[in-house]
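I'd like to go over a predicted model; first the sequence, then the structure.
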Amino acid sequence: MTFSSNAGVGNGSVSYTVAANTNGPTRVANINVLGQIFTITQSAASCYVILGLSNSWFNQISYSNLSLPVFSNCAWTVTASPSWITASPASGSNNGSITYSIAANSGATRSGTITVNTQTYTINQLGGPGGISSCTFSLSSQSESFGKDGGSSSVLVTTQDGCDWTVTNPNSWITLTSGQAGRGVGVIGYTIQRNTTGVSRSGTLTFATQSLSILQSAN
């Protein structure tokens, strides 16, 4: 709803325009002029469909018996695409719900849709076993250096929500204190022991596609 003017002095009139209701239920709006309320009620569209969801993300695993609410005043039909998304019933009328399932994904991140009349719900699913093949990872640091007395530090892991990672630590002188495994953004904490070997040493913490190189001096 739009107005020709938002303010005035003395006697006058307010002109307004109401947009067509092409896909929605009956709706009500108020015009308030110094506490005086003028109510406008507009009838519902002859046939409308509103979905309870518009866009969702899922992990790589399979899902069953998920629900998509449908708000409508008429008959509607359902189309799910591609084949890794299944939905039922194929049609309905008035308010209701659609039950849908998603197959597990061992490939790349993918997207599909459930379309009800002209309304679309988009389904996005992360790819790859454990999320590694299709998720992207980064570290806040690629290398760290310590003196012979050692110390503690941490590194930030950045990745998409739902992407799993596990840290591999083959070094006896490096102890993981937090973040041995995680999903999505996380922090890996670690402690470096005192170097009593007399020579410099290096080690690596690895996870997914990333690695953190740690160098410790002998003095």
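Done, it's in.

Confirm Val187 sits in a helix?
No. With DSSP: H, G, I helix; E, B strand; the rest coil as the criterion, Val187 is strand rather than part of a helix.

Give me the longest strand you can find in this protein.
strand 63-72 (DSSP state E).

Tell me the buried residues in the helix or strand just after that strand?
For strand 63-72, the following helix or strand on the C-terminal side (DSSP states H and E) is strand 75-81. Neighbour-count burial for strand 75-81 flags 76, 78, 80 (criterion: 16 or more other CB atoms under 10 Å). Where C-beta positions appear, they are placed from N, C-alpha and C, glycine not excepted.

what's the distance between strand 75-81 and the middle of its chain?
On the basis of CA atoms, centre = their mean, to the nearest Å, the separation between the geometric centre of strand 75-81 and that of its chain is 24 Å.

Direction included, what does it pair against?
strand 91-93 (antiparallel), strand 110-116 (antiparallel) (DSSP bridges).

So for Gly198, which of those strands sits nearest?
Closest to Gly198 of the strands paired with strand 75-81, according to CB to CB: strand 110-116, at 54.4 Å.

which parts of that closest one are buried?
110, 112, 114-116.

what's the answer for stretch 187-197, then?
Per 16+ other CB under 10 Å, stretch 187-197 contains these buried residues: 188, 190, 192, 195.

Dump those into JSON lines; add distance to Gly147 and pLDDT as well.
Formatted as JSON lines, these follow (distance: CB to CB, whole Å; pLDDT from 0 to 100):
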{"residue": "Ile188", "distance to Gly147": "21", "pLDDT": "91"}
{"residue": "Tyr190", "distance to Gly147": "16", "pLDDT": "94"}
{"residue": "Ile192", "distance to Gly147": "9", "pLDDT": "95"}
{"residue": "Asn195", "distance to Gly147": "8", "pLDDT": "94"}
